[in-house]
Each structure stands twice: as structure tokens, then as C-alpha cells.
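[1] My questions are about this predicted structure, shown below with the sequence.
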Amino acid sequence: MSSATASIKLSNGVEMPVIGLGTWQSSPAEVITAVKTAVKAGYRLIDTASVYQNEEAIGTAIKELLEEGVVKREELFITTKAWTHELAPGKLEGGLRESLKKLQLEYVDLYLAHMPAAFNDDMSEHIASPVEDVWRQFDAVYKAGLAKAVGVSNWNNDQISRALALGLTPVHNSQVELHLYFPQHDHVDFCKKHNISVTSYATLGSPGRVNFTLPTGQKLDWAPAPSDLQDQNVLALAEKTHKTPAQVLLRYALDRGCAILPKSIQENRIKENFEVFDFSLTEEDIAKLEESKNSQRLFLQDFMTGHPEDAFAAERK
């Protein structure tokens, strides 16, 4: 698999690159440089979300890349996501049109429901909109041509099943926390069965999550968790393959058939994260890595607690 042809075919025939630039926690000033660096290094997928508050800057970077002739629009794959208030009844199309305006695009390649739970604008109140109603809105924006593919993020298997049962546009992609210490085998198997592609976020165990602050300035409390990057088997495999521990962890997700979104704003790291196409892991390598048997969700999305569509309610007991 070469970097130029590395893609996953979605169930509607759309080709999605297997590696993209993640932009969570990238400030507008940082993200312009990061996007331009990434595209020049060979990346074609850029992943953002309305809640990241950097769509406008990403739009500027894309516009400059197009004007400079570095890439054509149809060669790029842009993913954005609807935040909880945009999932409320009647809000989705307006939310997507706002994202498109900021990104200076006529369509996105993939539009995701960032969470399954709908809220009011300031997230002070739950809106008990079932995922079926959320998905009906995604079906509508897809049929209107505003997104080339639609999917979900942080939804559980049951919620996806309920969306599929509507018989509307199928779920094309599921973006979930997936890394060596939270391997998500059940979810990957479920998605495979239903012809849904899987994108891994936090593929490196999200060491940068501890720096996150909410727009209010509040820092979140993170449960203690072992570091995927310091796993003894990861370190041994990195030595054997002459690769970095990060590259081994990225390859781990790729070789399980997932797309990945490593996030960085540093030029050398952006390039390093893309240099994962000259080696692969065997089934034995993967089994060895998984000997740790760790399985800990880092992103519990506690704000969903008590919502009728809390995706992780069963894990909170």
C-alpha cells in the first residue's frame, strides 16, 4: 500500500484516504501552517469539527493551497462534524451550511454527528432527540449534496443499528476512540459486518489530551492511564522495524483496516506520522502488541451523563 493510493472505499463508492491530519486543539494560527505542511507532505484528508473553532482557518489554508496549485479540490477529503446543538431538531442543515461557509467549500467529503446526544445551544439542557431523528437530518443533507458521505462519531453499536434500521442513507463511517490500550474489537467487527468504515482517533493514546481546556478556560480531570507509547512491546517492535513508537501505533490501527488522524502542528512530526507506508505489522506482531490486554476509554464524554442517548451509559455504572 503506497501513500498515494492508500484509501478505504466507503459503501457508496467514495474513496477516503487512510491517513488524515487531526486538528483538535490546533489554534487557528497554528492550523493554517499545519494544513499546508500536511498537504505538501502528501496528506489529502483534513479532519475538523465545528466545536474545534478552527474551520475558518482551515478554509483559508485550503483556499491558499488551491490557488497555489498544490492540489485540486477533488483531490482533498475534508471531514467536519456537527456538535451537539447542531443535532437538535431542524438545526443540522444550517450548521453544515455555516461550516461550509467557514471552510469556503460547496460540500464536505464526510459529515459526522460528533456525538449521538443533542443539546441546546449552550449545552445547559438535554434535547431528547432520538438518534433516528438525528440520522434523518443526515440523510437529508446527504441527499441535498452538501456532503459526499455521512457518518457518526462516539456512537455505540446499538445507536448505529437504530440509524441503519430506518432504511435511509447508510452510515458510511464511524469515528471512534481506538488505540492499542482501547482496541474496540467489538465495534470494528460490528462495523465490518455492516460495511461501515472505521476511523480511529487518539491512535497514539492522546498524550496531549491533558492540556485541553474548555472554551470556559476550565481544565478537565483525566483518569490516570498507562501510556500506549511506552508499552514494552511497542518499544521492542519499534526497534525491530527501525520505526518510532508512534509509527508502530499508527501502523497498528492501519493494519486493522482503520483510517487514522494523527494530530500535530510540528512539521517534523506531521511528516513522521505520514511515513508509515514502508512497513506493516504481521498478525503475530498485532497479537504480541495486544498481550497487554489493556482496555480503558480515555474520552468518557461525561457531559452525556443522564442524556437518553448517552452512548457510554453502560460503562458509567
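    Sure, I can see it. This structure is a prediction, so every number in the text was calculated from the model and none was measured. Residues are numbered from 1 along each chain as shown.

[2] quick one: the closest residue to Leu66 other than its chain neighbours and Phe182, what's the gap?
    The shortest distance from Leu66 to any non-neighbouring residue, by CB to CB, 6 or more residues apart in numbering, is to Arg73 (6.2 Å). Just so you know, the C-beta spots here come from the backbone N, C-alpha and C atoms, and that holds for glycine as well. Using CB to CB, to the nearest Å, Arg73 is found at 35 Å from Phe182.

[3] From Tyr107, how far out is the residue nearest to Leu66?
    Distance from Arg73 to Tyr107, by CB to CB: 9 Å.

[4] Val276 belongs to a strand, doesn't it?
    No: using DSSP: H, G, I helix; E, B strand; the rest coil, the assignment for Val276 is coil, not a strand.

[5] what's near enough to touch it?
    The neighbours of Val276, taking CB atoms under 8 Å, 6 or more residues apart in numbering as the test, are 19, 243, 247, 250-251, 254.

[6] Take those residues and write them to CSV, including neighbour count.
    Shown next, in CSV, are the contacts of Val276 (neighbours: other CB atoms under 10 Å):
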residue, neighbour count
Ile19, 24
Lys243, 19
Gln247, 22
Leu250, 25
Arg251, 23
Leu254, 21
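
[7] Need the max-distance pair from those residues.
    Ile19 and Lys243 (14.8 Å; CB to CB).

[8] that older thread, Arg73 and Tyr107: which is more packed in?
    When Arg73 and Tyr107 are compared for neighbours, Tyr107 comes out ahead with 16 against 13, by other CB atoms under 10 Å.

[9] distance of the spatially closest residue to the more buried one that is not a sequence neighbour from Lys192?
    Nearest non-adjacent residue to Tyr107, counting by CB to CB, 6+ apart: Leu146, 5.7 Å away. According to CB to CB, Leu146 stands 28 Å off from Lys192.

[10] for Val141, same thing?
    Counting by CB to CB, the gap from Val141 to Lys192 is 26 Å.

[11] Looking at these two now, which is surrounded by more residues?
    Val141 (21 against 12).

[12] helix, strand or coil for that one?
    helix.

[13] Please tell me I have it right and it contacts Leu96.
    Yes: with contact defined as CB atoms under 8 Å, Val141 reaches Leu96; the gap is 5.3 Å.

[14] still on that earlier bit, per-residue pLDDT, the residue nearest to Leu66?
    Looking at Arg73, its pLDDT stands at 97.

[15] ok, the residue of the chain positioned farthest from its centre - contacts?
    Using CA atoms, centre = their mean, the residue of the chain lying farthest from its centre is Lys240. It sits 29.3 Å away. Going by CB under 8 Å, 6+ apart, Lys240 touches no other residue.

[16] Next, the buried residues of the helix or strand harbouring it.
    Following DSSP states H and E, the helix or strand that holds Lys240 is helix 232-241. Within helix 232-241, the residues that count as buried by 16 or more other CB atoms under 10 Å are 233-234, 237-238, 241.

[17] ok, so of the residues you listed, who is nearest Trp222?
    Distances from Trp222 to those, taken by CB to CB, are shortest for Val234, at 20.7 Å.

[18] still on that earlier bit, kindly list the main-chain dihedrals of the residue nearest to Tyr107?
    The phi and psi values for Leu146, taken as degrees, to the nearest 10, are phi -80, psi -20.

[19] circling back to that earlier point, find the residues that touch each one of Val141 and Leu96.
    111, 147.

[20] Give the other helices and strands that the helix or strand hosting Ile62 contacts.
    Per DSSP H and E, Ile62 falls inside helix 55-67. Counting by 3 or more CB pairs under 8 Å, 6 or more residues apart in numbering; DSSP states H and E, the packing neighbours recorded for helix 55-67 are helix 28-41, strand 77-82, helix 92-103.

[21] Quick one: closest of those to Phe212.
    Using CB to CB, the nearest of the helices and strands packed on helix 55-67 to Phe212 is helix 28-41, at 14.6 Å.
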